[in-house]
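> mind looking at a prediction? Sequence and model below.
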Amino acid sequence: MQSSKTLLITGVSSGFGRALAEEALAVGHRVVGTVRSTQARRDFESRSAGGASGRILGVTDFDAIEGIVEEIETSVGPIDVLVNNAGYGHEDIMEESPLSEMRRQFDVNVFGAVAMMKAVLPFMRPRRRGHILNVTSMGGFITMPGIVYYCGSKFALEGISDALSKEVEHLGIAVTAVEPGSFRTDWAGRSMKRTPRCIPDYDEVFDPLRKARADKSGKQLGDPRKAARAMLAAIAADNPPNHLLLAGDALGLVRGRLSALEDEIREWEAVTLSTDGASTAQMVRAILFRDNHGDH
């Protein structure tokens, strides 16, 4: 039986956030969940008497986040785990999509997550313990046409998560980027923001992908409850992963992307090395000479 923890999860009204909150409550964790309305807060708190506690907070309410986190630390107790789950998808062709949509995508998916992390770290750091889970996407490793801003936001959150893990590991704080593939959530349904199409030149690339995405919505193989249990396993681990892929399609597509990247690096290796001021052999000889004779 794993020890009880206090989890702060953003966006618990639906999708992964809801599934994780319910699974966490079922095994005895306390969950503080962010919601967008009073009714949503009542609905969430009704799931577990005393175990579920809601807070009305949007992750782009940047000025309110620190105060909410301080209040949770005081009234509920130390936050052991932050789960940055709140986010949404934006379907777009880059040339057609206004920059305002990119700013909104990054405000929610990136800046909101960073604001939450910056609010909990001052409490986790002195305790020398804590765990941050950032729900990114396989779209933080691979890309597809038609979701340019979304992939960009997830690549950004992946990089931030990875760098942060190196900053806080020695403080006893773990950071895990959770990378789901296709799951039965509202991501491709009502949660998807879509920019109107206007340039026919992109129809050949984009239209089949939009149709396939719409046809699969709600029928994906991935089960959000099983994803929630996988996240709980990472939370309970003595050495949690820095990256946690979820679902077989994510595993296959990311492996394929990494393999293709390695092939491309190898193909262009000679050109890469040609940009050095000295040849690799010269550099190796210089290093060996220094090691054998000292820095004289």
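Yep, that arrived.

> from here on, contacts and neighbour counts on C-alpha atoms
OK.

> where are the low-confidence patches of the stretch 151-296 of the chain?
Along the stretch 151-296 of the chain, the parts satisfying pLDDT under 70 run over 184-191, 215, 217-219, 278-296.

> for stretch 28-39, how far is the first residue from the last?
Stretch 28-39 has an end-to-end distance of 24 Å (C-alpha to C-alpha, to the nearest Å).

> show me what it is in contact with.
By C-alpha atoms under 8 Å, 6 or more residues apart in numbering, the residues outside stretch 28-39 that reach it are 4-13, 21, 24-25, 41, 44, 51-58.

> same thing with stretch 41-56?
By C-alpha under 8 Å, 6+ apart, the residues outside stretch 41-56 that reach it are 12-13, 22, 25, 28-38, 68.

> now with 10 Å, please.
Identification of contacts with stretch 41-56 by C-alpha atoms under 10 Å, 6 or more residues apart in numbering yields 6-13, 18, 21-22, 24-26, 28-40, 68-69, 72, 76.

> ranges for the strands of the stretch 1-150 of the chain?
Along the stretch 1-150 of the chain, counting by DSSP state E, counting those that start in this stretch, strands occupy 6-10, 30-35, 52-56, 81-84, 89-91, 130-135.

> hey, least reliable of these by pLDDT?
Among the strands of the stretch 1-150 of the chain, strand 89-91 carries the lowest mean pLDDT, a mean of 92.

> within the sheet, what are the partner strands of that one, with directions?
Strand 89-91 has the following strand partners under DSSP bridges: strand 192-194 (parallel).

> now the end-to-end length of stretch 139-158.
For stretch 139-158, the end-to-end distance is 10 Å (C-alpha to C-alpha).

> buried stuff in it?
Residues of stretch 139-158 classed as buried: 139-143, 146-158 (neighbour count, 16 or more other C-alpha atoms under 10 Å).

> mind listing the helices for the stretch 101-250 of the chain?
112-127, 148-168, 203-216, 224-236, 248-267 (DSSP state H, counting those that start in this stretch).

> those into JSON lines, with extra columns for distance to Thr275?
Shown next, in JSON lines, are the helices of the stretch 101-250 of the chain (distance: least, C-alpha to C-alpha, whole Å):
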{"stretch": "helix 112-127", "distance to Thr275": "36"}
{"stretch": "helix 148-168", "distance to Thr275": "26"}
{"stretch": "helix 203-216", "distance to Thr275": "36"}
{"stretch": "helix 224-236", "distance to Thr275": "42"}
{"stretch": "helix 248-267", "distance to Thr275": "14"}
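
> the ones you listed: which one's closest to Glu179?
Among those, the nearest to Glu179 by C-alpha to C-alpha is helix 248-267 (7.6 Å).

> helices and strands around the closest one, which ones?
strand 173-180, strand 243-246, helix 269-273 (3 or more C-alpha pairs under 10 Å, 6 or more residues apart in numbering; DSSP states H and E).

> about what we covered before: may I see the strands of the stretch 1-150 of the chain arranged in CSV, with distance to Leu245 and mean neighbour count as well?
Output for the strands of the stretch 1-150 of the chain, formatted as CSV (distance: least, C-alpha to C-alpha, whole Å; neighbours: other C-alpha atoms under 10 Å):
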stretch, distance to Leu245, mean neighbour count
strand 6-10, 19, 25
strand 30-35, 23, 25
strand 52-56, 27, 21
strand 81-84, 16, 24
strand 89-91, 18, 21
strand 130-135, 10, 24
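
> export those as a markdown table, with columns for distance to Leu221.
Output for those, formatted as a markdown table (distance: least, C-alpha to C-alpha, whole Å):
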| stretch | distance to Leu221 |
| --- | --- |
| strand 6-10 | 24 |
| strand 30-35 | 26 |
| strand 52-56 | 29 |
| strand 81-84 | 23 |
| strand 89-91 | 19 |
| strand 130-135 | 18 |
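
> I'd like to know which of the ones you listed is closest to Tyr202.
Nearest of the strands of the stretch 1-150 of the chain (C-alpha to C-alpha): strand 89-91, 13.3 Å.

> highest mean neighbour count out of the helices and strands packed on helix 248-267?
A comparison of the helices and strands packed on helix 248-267 by mean neighbour count, using mean count of other C-alpha atoms under 10 Å, puts strand 173-180 on top with a mean of 25.

> just the angle for that strand relative to helix 224-236, thanks.
160 degrees (axes from the mean of the first three to the mean of the last three C-alpha atoms, to 10 degrees).

> strand 173-180 pairs with which strands?
strand 130-135 (parallel), strand 243-246 (parallel).

> ok, now which ones touch the residue nearest to Ala156 when sequence neighbours are not counted?
The shortest distance from Ala156 to any non-neighbouring residue, by C-alpha to C-alpha, 6 or more residues apart in numbering, is to Val110 (7.0 Å). Residues in contact with Val110 (C-alpha under 10 Å, 6+ apart) are 59-60, 84, 87, 103-104, 134, 136, 152-158, 160.
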